[in-house]
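> Next input, structure requested:
(chains A and B)
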Amino acid sequence: MLTPESRFQYQTLLDAAALQANRGDAPAIIYVSSEQEPVKVSRDAFRRKTRAYGAGFLQLGIKPGDLIIIAHLQNLESIFAFWGALRIGAIPSMFPTLTEKLDPQVYMHNMNALVARSNVRLIFTSDEFAPTMAQTADCPVISSSELAALAVEEGIPPNAWHPPRPSDIAFLQHSSGTTGLQKGVALSHQAVLNQLANYAEAIALRPDDVIVSWLPLYHDMGLIAGFIQPLVQGIPLILMSPFDWVRHPALLFRAIHDFKGTLTWLPNFAYNHLTRRIRPRDIADVRLDSMRMFINCSEPVRQDSQQRFLQRFSDIGVREEMLAVSYAMAENTFAVTQTPPGRPPRLDTVQRSALQTEKIALPSQDQGDVITLVSCGPAIPHTEIRVLDEQGMALPERHIGEIAIRSDCMLTGYYKRPDLNPFRDGWYLTGDLGYLADGEVYIVGRKKDLIIHAGKNIFPQDIEAIVNDVPGVHPGRAVAFGVHDEQEGTELIVVVAEVDTQDLAERKTIMKSIRQEVARRTDVTVSYVTLVEPKWLIKTSSGKIARAANREKWLAERRTPKATRA
Amino acid sequence: MSSLDAATVRDHVRTYIIHELIRDPDYDLEDNEGIITGGLMDSFALADLAVFVEQTFGVYIPDPDLTVDKMDTLNQIVARILRG
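The predicted model follows:
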């Protein structure tokens, strides 16, 4: 296995265990779905398939360093294409697929912006979507069946294969939305291998582990923890589509039961989704005793979400020590911290007022004005964490500031964006606010406005730009923000927009248009739309919409009984 | 609920959707309006509806029927519940 001790034996991701010849019939991936029998891909088959897909790309004239966007369903073909691209030194990047809600024109507009900015050489997509995409894409598009027809190794001269070097960019990770797409996180082979080695030690990874994942592959947690890690480490990956899981949440538990899963990564909302929306008869014979860790990651961890999950599923084998937490980000390839296996995360109960006003986390035994935070654990090996004040000076323990990190697994840079330097004196400033206590990290908020909905980063400015275009809304007089929802275990999205009309029918049309337009253009669902009279929104002295102040105002008005409102 | 009549089922489901899933009690939900394709709620809602339908009407909707194609409108959902 790849660990800090064995790290020197590995040069690039192509040294992956799943590509090596030993135990060729052992499963590399088992793909499960609610509709059909599991599909098993052995290590031998994975090696053959990825080599063939690499050959297909070579025949299309793809060269080392060329960027390939995989905008496909989450299936085995996407995986073969991704690894096939790695094998010829090209740079793959996973991109969300088109959904029922999204407008194809808007989707293609975003795609073409990416094509132009990042010099995309090829888009790989499904047969269904390829013809539409080929008409509007500003670069060649290849469909599943076209690539499959080219995916044969015969006739490719051995000197056509250019394996990558350790410092070469392996792949890119993108955040969603107009804003996120402007910054492709470029990760080198050595950074990814370092992360996998460090993380293996942090979670005490074992050869008999089995990883089960429903996570989307265009997200860092899905891509690294639920795809690259098991294939490099030679651990079976039980994979499913996020679309399938979200509609049939019991699928995850049935997969854990059937294949004796030991590790899975979940954003906080998923604990609520599983707790609230699994029907008893769907898990009647299911046991989860095989699990080592359910790792809560990629959105703020809520103790109530973890506890409800534990309460509901303790009967079928979930134990408290299985509940783990990691703090992660694409810029560090994936994990920054991890709670140690075998014990639940530490809890820190602190005075709420000191946290908010003095920016200090003071431990408190009182029952009154306190808040309980869940630890994200200590830094993983070869990763340093500091908490910085506004001037960039390191703060002592229990003082709240911006989390900064330095490690051997950070991004090389933002792809084709020499104008953006992610580092300050070798440190990456995360934008997250938190503190350290006894060497463990606690996250309390964010420096910039960002909504984390169901594990996905959403930039409020992207939503506001859409709402500003809705007829009836005062352009520039709309705000979007997130509010935590205890039932869902995540932030829900609120839009507040100023309108003139008092006509009920017109107002309903505007509200409907806001929901529809945001969904059509971002694939994000707005949970609350509130229309307000002109001059309701609070602006800063520089004339910008103050998101935090408007959020407070909106929350205060909702706490007031409706009858007393103006 | 012993016997299911279409109007009662429609009423219950509509109330649940606009209160719990769309979170806007004043929303005029049309019978043929795409609830998921129209961006009113995300696909978590299908699993949510499945739980609600089983608890309220005693009807278990199997996985193959829980798709956006088959459960996107009030009409589709009501028809599926009435089939039992």
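> now the residue in the stretch 51-200 of chain A that chain B sits nearest to, nearest residue through space, not along the chain?
Nearest residue of the stretch 51-200 of chain A to chain B (C-beta to the nearest C-beta) works out as A:Glu100 at 4.8 Å. Every C-beta, even on glycine, is put in place using the N, C-alpha and C of the backbone. Counting by C-beta to C-beta, 6 or more residues apart in numbering or on different chains, A:Glu100 lies nearest to B:Thr37, which is 4.8 Å off, once chain neighbours are set aside.
> Would you quantify the distance from that neighbour to B:Ile18?
Distance, B:Thr37 to B:Ile18, by C-beta to C-beta, to the nearest Å: 17 Å.
> same question, A:Ile70
For A:Ile70, the distance to B:Ile18 - C-beta to C-beta - is 38 Å.
> In terms of neighbours, single out the busier of these two.
Using other C-beta atoms under 10 Å in any protein chain shown as the criterion, A:Ile70 and B:Ile18 rank with A:Ile70 on top: 22 against 18.
> And the average pLDDT for the helix or strand containing the more buried one is what?
According to DSSP states H and E, A:Ile70 maps onto strand A:67-71. For strand A:67-71, mean pLDDT rounds to 97.
> low-scoring stretches of chain B, by residue?
B:1-3 (pLDDT under 70).
> Near chain A, which residues of it are found?
Residues of chain B found near chain A (C-beta under 8 Å from any C-beta of the partner chain) are B:23-24, B:26-28, B:36-44, B:46-48, B:50-51, B:54, B:60, B:63-64, B:66-68.
> and if we set it to 6 Å?
By C-beta under 6 Å from any C-beta of the partner chain, the residues of chain B that approach chain A are B:23, B:37-44, B:46-48, B:51, B:54, B:63, B:66, B:68.
> residues near the closest residue to chain A within chain B, how many?
Closest residue of chain B to chain A, C-beta to the nearest C-beta: B:Gly39 (2.2 Å). By other C-beta under 10 Å, the residues close to B:Gly39 number 25.
> Also A:Glu153?
Counted with other C-beta under 10 Å, the neighbours of A:Glu153 add up to 13.
> Now it: closest residue in space, sequence neighbours ignored.
The shortest distance from A:Glu153 to any non-neighbouring residue, by C-beta to C-beta, 6+ apart, is to A:Ala55 (4.7 Å).
> Who are the packing partners of the lowest-mean-pLDDT helix or strand in chain A?
Least confident helix or strand, chain A: helix A:177-180 with a mean of 72, by mean pLDDT, DSSP states H and E. Where contact means 3 or more C-beta pairs under 6 Å, 6 or more residues apart in numbering or on different chains; DSSP states H and E, helix A:177-180 is packed against helix A:460-468.
> Mind doing that once more with 10 Å?
In terms of contacts (3 or more C-beta pairs under 10 Å, 6 or more residues apart in numbering or on different chains; DSSP states H and E), helix A:177-180 is packed against helix A:104-118, strand A:456-458, helix A:460-468, helix A:504-522.
> And the ones you listed: which comes nearest A:Glu491?
Closest approach to A:Glu491 among these (C-beta to C-beta): strand A:456-458, 8.6 Å.
> Rounded mean pLDDT for the closest one, please.
Mean predicted lDDT for strand A:456-458 stands at 89.
> Just the residues contacting that strand, thanks.
Under the contact criterion C-beta atoms under 10 Å, 6 or more residues apart in numbering or on different chains, strand A:456-458 has outside partners A:96, A:175-177, A:179-180, A:216, A:218-219, A:267, A:269, A:298-299, A:329-330, A:446, A:450-452, A:480, A:482, A:490-491, A:493, A:522-524.
> what about it, distance to the chain center?
Put simply, strand A:456-458 sits 8 Å off its chain's centre (C-alpha atoms, centre = their mean, to the nearest Å).
> what's the answer for stretch A:260-279, then?
15 Å.
> Over to stretch A:454-474?
20 Å.
> got the end-to-end distance for that stretch?
29 Å (C-alpha to C-alpha, to the nearest Å).
> now stretch B:38-47
One end of stretch B:38-47 sits 18 Å from the other (C-alpha to C-alpha).
> where exactly do the helices run in chain B?
Using DSSP state H, the helices of chain B run over residues B:6-16, B:44-57, B:74-83.
> Which one of the residues in chain A is closest to chain B?
Counting by C-beta to the nearest C-beta, chain A gets nearest chain B through A:Ala519, at 2.2 Å.
> my read: that residue touches A:Lys101, true?
Yes - between A:Ala519 and A:Lys101 there is a contact under C-beta atoms under 10 Å: 4.8 Å.
> anything in contact with each of these two?
With C-beta under 10 Å, 6+ apart as the test, A:Ala519 and A:Lys101 both reach A:525, B:36-40, B:42.
> Send over the least confident helix or strand of chain A as CSV, restricted to the C-alpha atoms.
Provided in CSV are the C-alpha atoms of helix A:177-180 (Å, rounded to 0.1, in the frame of the first residue of the first chain):
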residue,chain,number,x,y,z
GLY,A,177,-21.0,27.9,-11.0
THR,A,178,-19.7,30.8,-13.0
THR,A,179,-17.3,31.8,-10.3
GLY,A,180,-16.0,28.3,-9.5
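> and after it, which helix or strand comes next?
Next element after helix A:177-180 (DSSP H and E): strand A:185-188.
> show me where pLDDT drops low in the stretch 251-400 of chain A?
For the stretch 251-400 of chain A (pLDDT under 70), the answer is none.
> Repeat the analysis, applying 90 as the threshold.
Residue ranges of the stretch 251-400 of chain A with pLDDT under 90: A:298, A:356-357, A:365-369.
> tell me which element A:Thr264 falls in.
Using DSSP H and E, A:Thr264 falls in strand A:263-266.
> and what of A:Phe57?
Using DSSP H and E, A:Phe57 falls in helix A:43-59.
> just the angle between that helix and strand A:67-71, please?
Between helix A:43-59 and strand A:67-71, the angle comes out at 120 degrees (axes from the mean of the first three to the mean of the last three C-alpha atoms, to 10 degrees).
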